[in-house]
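Engineer: sequence-free structure coming up:
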């Protein structure tokens, strides 16, 4: 094979157990016309620069971006190819990033935060669970496929931001009238951060950048789902003043409904309790840092240790 159809690009710090797992899963792909480009810190410690470098040397017609802690379903490339064949004019494709069944209970709880309506606020819920096909205007690089000619036309990822380079890229893409098509058959599995410390560290980065982007890139970041945790936090802080408890009662009821749903799906009562506690802490943390990010004049890139 002289010219692969897909170029799979993974930025990493160095060889790790996740990457070994990803490579093993890629070897089981039913569609074989691909090349794998693993870009390490020998290039840069900035994931955006690594992805742009991978795209520059890629030989494939389509660039498939994965995170180093994710791995694809065996039909991943095959299903992408099917969607490209059906929709050759679309500029980008994406699909759900599910919690791996091998993740421990603390990781599973993090997965429940992102894959539940209560946890995610409905903003991007389709990213973490299988949902119906749709067009989207924002998607992370954990499972993102873009036509190389379109990628080059945009000029790659904005290297100033991380995380958030994917949001800016998607905004640039939609400004070119290109479509981003989500299909539930394009499945990868994304290992979650353990609650509560690692999960909240990830939440901190997401919330700060989403809040900042809500001000400077409102087109795909100023959404009610992203605003809801901040609104809830302000309500809680002001509760002693107005003593209007109905929203709090409603919130508690929704948490209990979510707990029942988690228990029904997982048959794990401990996981259901950890999940609703994690949802509450996530809301408070995200709500505060979204506001902080919104009013921050600028954000600087800080590599993950």
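Structural biologist: Nice, thanks for sending it over. This structure is a prediction, so every number in the text was calculated from the model and none was measured.
Engineer: domain map for the chain?
Structural biologist: The chain breaks down into these domains under automatic domain parsing: 1-96+131-192, 194-305.
Engineer: is it possible to export the ones you listed to JSON lines including distance to residue 117 and mean pLDDT?
Structural biologist: Every C-beta, even on glycine, is put in place using the N, C-alpha and C of the backbone. Below are those laid out as JSON lines (distance: least, CB to CB, whole Å; pLDDT from 0 to 100):
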{"stretch": "domain 1-96+131-192", "distance to residue 117": "11", "mean pLDDT": "93"}
{"stretch": "domain 194-305", "distance to residue 117": "8", "mean pLDDT": "93"}
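Engineer: tell me which of these is the most buried.
Structural biologist: Across these, the average number of neighbours (mean count of other CB atoms under 10 Å) peaks for domain 1-96+131-192, which reaches a mean of 19.
Engineer: chain center to it: distance?
Structural biologist: 12 Å (CA atoms, centre = their mean, to the nearest Å).
Engineer: contact partners for residue 6?
Structural biologist: When contacts are counted by CB atoms under 8 Å, 6 or more residues apart in numbering, residue 6 touches 31, 33-35, 60-64, 77, 80, 145.
Engineer: one more time with 6 Å
Structural biologist: 34, 60, 62, 64, 77 (CB atoms under 6 Å, 6 or more residues apart in numbering).
Engineer: farthest-separated two in those residues?
Structural biologist: 60 and 77 (10.6 Å; CB to CB).
Engineer: hmm, back to that, now the domains of the chain in a markdown table, with distance to residue 113?
Structural biologist: As requested, the domains of the chain are exported to a markdown table (distance: least, CB to CB, whole Å):
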| stretch | distance to residue 113 |
| --- | --- |
| domain 1-96+131-192 | 9 |
| domain 194-305 | 5 |
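Engineer: these: which one's closest to residue 118?
Structural biologist: domain 194-305 (4.2 Å).
Engineer: which of the helices or strands spans residue 37?
Structural biologist: strand 34-39 (DSSP states H and E).
Engineer: which strands and helices sit next to the very next helix or strand once past that strand?
Structural biologist: The helix or strand immediately downstream of strand 34-39 is helix 47-57, counting by DSSP H and E. Packed against helix 47-57 by the contact rule (3 or more CB pairs under 6 Å, 6 or more residues apart in numbering; DSSP states H and E) you find strand 6-11, strand 34-39.
Engineer: between those, which one is nearest to residue 175?
Structural biologist: Going by CB to CB, the one of those nearest residue 175 is strand 6-11, 22.8 Å.
Engineer: ok, the closest one: who's next to it in the sheet?
Structural biologist: strand 34-39 (parallel), strand 62-66 (parallel) (DSSP bridges).
Engineer: where does the residue nearest to residue 289 when sequence neighbours are not counted fall, phi/psi-wise?
Structural biologist: Using CB to CB, 6 or more residues apart in numbering and skipping the chain neighbours, the partner closest in space to residue 289 is residue 207 (3.7 Å). Backbone torsions of residue 207, given as degrees, to the nearest 10, read phi -70, psi -40.
Engineer: separation between residue 207 and residue 230?
Structural biologist: Shown here: residue 207 relative to residue 230, a distance of 9 Å by CB to CB, to the nearest Å.
Engineer: can you check residue 84 too?
Structural biologist: 39 Å.
Engineer: what ranges does the stretch 1-150 of the chain have for its strands?
Structural biologist: 6-11, 34-39, 62-66, 70-72, 92-94, 97-98, 134-136, 143-147 (DSSP state E, counting those that start in this stretch).
Engineer: can you say which of those strands is nearest to residue 53?
Structural biologist: strand 34-39 (5.7 Å).
Engineer: was I right about residue 285 contacting residue 203?
Structural biologist: Yes: taking contacts as CB atoms under 6 Å, residue 285 lies within contact range of residue 203: 5.4 Å.
Engineer: for the chain, which helix extends over the most residues?
Structural biologist: helix 269-295 (DSSP state H).
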